[in-house]
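Engineer: okay, structure incoming, though there's no sequence with it:
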Ligand SMILES: Cc1cc2nc3c(=O)[nH]c(=O)nc-3n(C[C@H](O)[C@H](O)[C@H](O)COP(=O)(O)OP(=O)(O)OC[C@H]3O[C@@H](n4cnc5c(N)ncnc54)[C@H](O)[C@@H]3O)c2cc1C
Ligand code: SF4
Ligand code: SF4
């Protein structure tokens, strides 16, 4: 049902040897098979709404298998005795028709399958050719065109897994091809038609988290005409950006920059904003999630079709690093921004930023990506607002004003020395300009925008000094100043720098309650506690569970541009099933036999998708729309009460038996 | 030991559709040659294969059973491969009960890009089984 889950196109194949698309006229083999009637050219399509022409020929119990063995030019024919395989197939039980094709996937090859189904009243088809991963959908659609349910088709891979890997032993390769054909035929005889079920999708989204990512997602979903419930646990929308002062030297302050997002979300008719709220319960599956939103103790049930997770990240608190918590003037980047935003920066001239505090192999293993850019942004802020900082603004203080409410609330929990030893020396505007040093292990200013700021920082003579994990800088109070001692890698000597303030760049970390939410949604967290997408490269904002998506710093460190882009991405991913109105469930799924099931619950625990639940009768039940057909449940059910459609134990046993005993 | 030289082991392999089957396909597209002693049964996930299927194959005449799945962390179904791994321990115990050598069952992680690894695993296993001789259940 999802295009990316279908076998990829046969791109890695030698196109000059194999017809890529079935309807390329020049690839047509001119001599039509004898007995094949002339047909108007038809382009086989893979669309699922192709109505079957005639009902499947299953009126009798008689199994009538047609076997089509492909030469694939010389790709198979050159290494396997294809006519011998055909003759062999004819001798197998239930096979009423067997033939070879030069290219089964070329239009005339497909036509020969189509015609044979009708002419010989075939009710099972096997093609022995390349690989089902690329070509099964094509042959299945041909079956459907001829009125045969596509699940009555089976593949034998005699090219990738036979002729191409046994190119010097034709006899053995031919024997193997016969065995594979026999195995496919033994399974084909047991195939039963499957229907792909349609499940309606509720056209409403739940967005969890009201930061820039969640706001962007919510607005985009709403603007596409769907209802949105936006749940924010704080009393205000805006997320982490509310702490920030400026945004990479944008003209407006951070708060002003994101204000339109907040205003639009608050006023959009399709968006219901739930502040001071949490998602308490989530049940169901794509298209039909039953959720409970709790606001100040009162709960509300909301049924949604899709869910977007945008719960963001928090700043790592560098307890124990570089005198943080001991010296007031050792602050984190966020604290720096809060002070700057409130115009409460103390009078500072010499500032040291230390990058990668707690990240990249310290407490956290990863690089938080954004901190280098953020430190440079703040270094430039000091440069460009220096007059204000040393002038009236800070009230002439030289130490951090921990009474700023946002700072005091952050610091209350912490051990602190606020004695006279602090750098609380008398004021007086320092002479000369600001001096800023950024201690780094690598400057990660990725992308065009951040590189511009890096270059600007160099122009403004901001110093970049490298340190290594083996040789960390040290921060000590020395008189009125913070002394940063470090090893200079180029000069190979120990050096010292006196600073008025030390700013620690700490990584973004997953909020502690992320794991609770991940359990409610039954979606995984990665090893660093961030939400884990289905595939790092190919499905970056999807969860493996259909209908649930993730954006922003909830899935890992990201800046605002990236968070917004991901939010918009989630909105369009979520809109697909909602706009369509229904989803097509997999046909290859699990089925529980309630008369055998003892209700032990093993399957419920083993299903990676939360696709099985217990009914009131105490037996297991598969949620067809959520089941992916992995079969983990079936292979663990102690009662063998679960059958995997199209991969039943009976079918797999038959394949094994036919391989081993030489009988189908 | 004259007989042993002529013996060609037969391996039944269960390959998951998403990684290992694709890896075996890649061995083909790359034309990597390996012994023709293996017969593949495609399954959606290594996690769907009941231990009975393995034991059944081994007691019905297969000289070896190879189970291949995605590498841990890459499973198309999140962790079906880990289920297969856990089950492998049970299978190892069952082999003892059935008087079969542990080498007759092998679990390997083969990704879609590891055509060479797949060919290597098959080649190795065939060699190993040749050394062991035919399955005692082989009539
Ligand atoms: C010091 C610092 C400076 C930065 N400067 C810049 C900059 O200059 N430029 C830039 O582009 N980026 C900057 N960033 C990064 C920027 O802050 C993030 O990219 C952005 O905040 C990510 O937005 P978000 O919506 O994903 O997450 P957040 O902003 O963290 O929002 C998440 C929201 O979800 C809510 N929430 C959390 N859990 C739940 C729950 N269980 N239920 C309901 N609601 C919940 C939170 O309360 C919050 O409102 C900076 C970051 C830091 C730390
Ligand atoms: S594992 Fe089998 S017996 Fe147990 S609840 Fe699931 S279906 Fe029923
Ligand atoms: S096959 Fe079973 S374990 Fe796999 S998704 Fe479906 S119900 Fe869950």
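Structural biologist: That came in fine, so what should we check first? These figures come from a predicted structure and were not determined experimentally. Residues are numbered from 1 along each chain as shown, chains lettered A, B, ... in the order given. Ligands and ions are numbered 1, 2, ... in the order given.

Engineer: quick one: find the helix or strand in chain B with the lowest mean pLDDT.
Structural biologist: Each helix and strand of chain B was given a mean pLDDT (mean pLDDT, DSSP states H and E); the minimum falls on helix B:2-6 at a mean of 52.

Engineer: what's the following helix or strand after that helix?
Structural biologist: Remark: after helix B:2-6, the chain's next helix or strand is strand B:11-16, criterion DSSP states H and E.

Engineer: and the residue of chain B nearest ligand 2?
Structural biologist: Using Cβ to the nearest ligand atom, the closest approach of chain B to ligand 2 is made by residue B:50 at 12.2 Å. C-betas here are computed from N, CA, C, even on glycine.

Engineer: that residue: neighbour count?
Structural biologist: 19 (other Cβ atoms under 10 Å in any protein chain shown).

Engineer: what secondary structure does residue A:98 sit in?
Structural biologist: strand (DSSP: H, G, I helix; E, B strand; the rest coil).

Engineer: can you pull the contacts of residue A:223?
Structural biologist: A:268, A:270 (Cβ atoms under 8 Å, 6 or more residues apart in numbering or on different chains).

Engineer: oops, could you answer that again for residue A:283 instead?
Structural biologist: Taking Cβ under 8 Å, 6+ apart as the test, what residue A:283 contacts is A:289, A:290, A:291.

Engineer: hey, what's it bridged with?
Structural biologist: Counting by DSSP bridges, residue A:283 is bridged to residue A:290.

Engineer: so what pLDDT did it get?
Structural biologist: pLDDT, residue A:283: 86.

Engineer: roughly how far apart are it and residue A:520?
Structural biologist: Per Cβ to Cβ, to the nearest Å, residue A:283 is found 9 Å from residue A:520.

Engineer: list the strands paired with the helix or strand where residue A:331 lies, with their directions.
Structural biologist: Taking DSSP H and E as the criterion, residue A:331 maps to strand A:330-332. Applying DSSP bridges to the sheet, strand A:330-332 is found paired with strand A:501-504 (parallel).

Engineer: and ligand 1, is the partner strand touching that?
Structural biologist: No: in terms of Cβ under 6 Å from any ligand atom, no part of strand A:501-504 sits within range of ligand 1; the closest distance is 9.7 Å.

Engineer: what's the first helix or strand after that strand?
Structural biologist: strand A:508-509.

Engineer: tell me the secondary structure at the residue nearest to residue A:273 when sequence neighbours are not counted.
Structural biologist: Counting by Cβ to Cβ, 6 or more residues apart in numbering or on different chains, residue A:273 lies nearest to residue A:230, which is 5.0 Å off, once chain neighbours are set aside. Of the three states, residue A:230 takes strand under three-state DSSP.

Engineer: past the strand holding residue A:331, which element shows up next along the chain?
Structural biologist: Using DSSP H and E, the first helix or strand after strand A:330-332 is helix A:333-341.

Engineer: need the contact partners of that next one.
Structural biologist: A:243-246, A:253-255, A:315, A:331, A:345-346, A:371, A:374-375, A:378, A:381, A:400-401, A:404, A:406-407, A:410, A:503-506.

Engineer: would you map the strands across the stretch 401-550 of chain A?
Structural biologist: Under the criterion DSSP state E, counting those that start in this stretch, the stretch 401-550 of chain A contains strands at A:435-440, A:463-466, A:474-478, A:481-488, A:493-499, A:501-504, A:508-509, A:548-550.

Engineer: in its sheet, what does the fourth one sit against?
Structural biologist: Meaning strand A:481-488. strand A:474-478 (antiparallel), strand A:493-499 (antiparallel).

Engineer: tabulate those strands (TSV), appending distance to ligand 2, mean pLDDT and mean neighbour count.
Structural biologist: TSV is the format used below for those (distance: least, Cβ to the nearest ligand atom, whole Å; pLDDT from 0 to 100; neighbours: other Cβ atoms under 10 Å in any protein chain shown):
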stretch	distance to ligand 2	mean pLDDT	mean neighbour count
strand A:474-478	58	94	17
strand A:493-499	63	95	14
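
Engineer: in TSV: the ones you listed, plus distance to ligand 1.
Structural biologist: Converted to TSV, those look like this (distance: least, Cβ to the nearest ligand atom, whole Å):
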stretch	distance to ligand 1
strand A:474-478	19
strand A:493-499	19
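
Engineer: mind checking which of those is nearest residue A:660?
Structural biologist: strand A:474-478 (70.1 Å; Cβ to Cβ).
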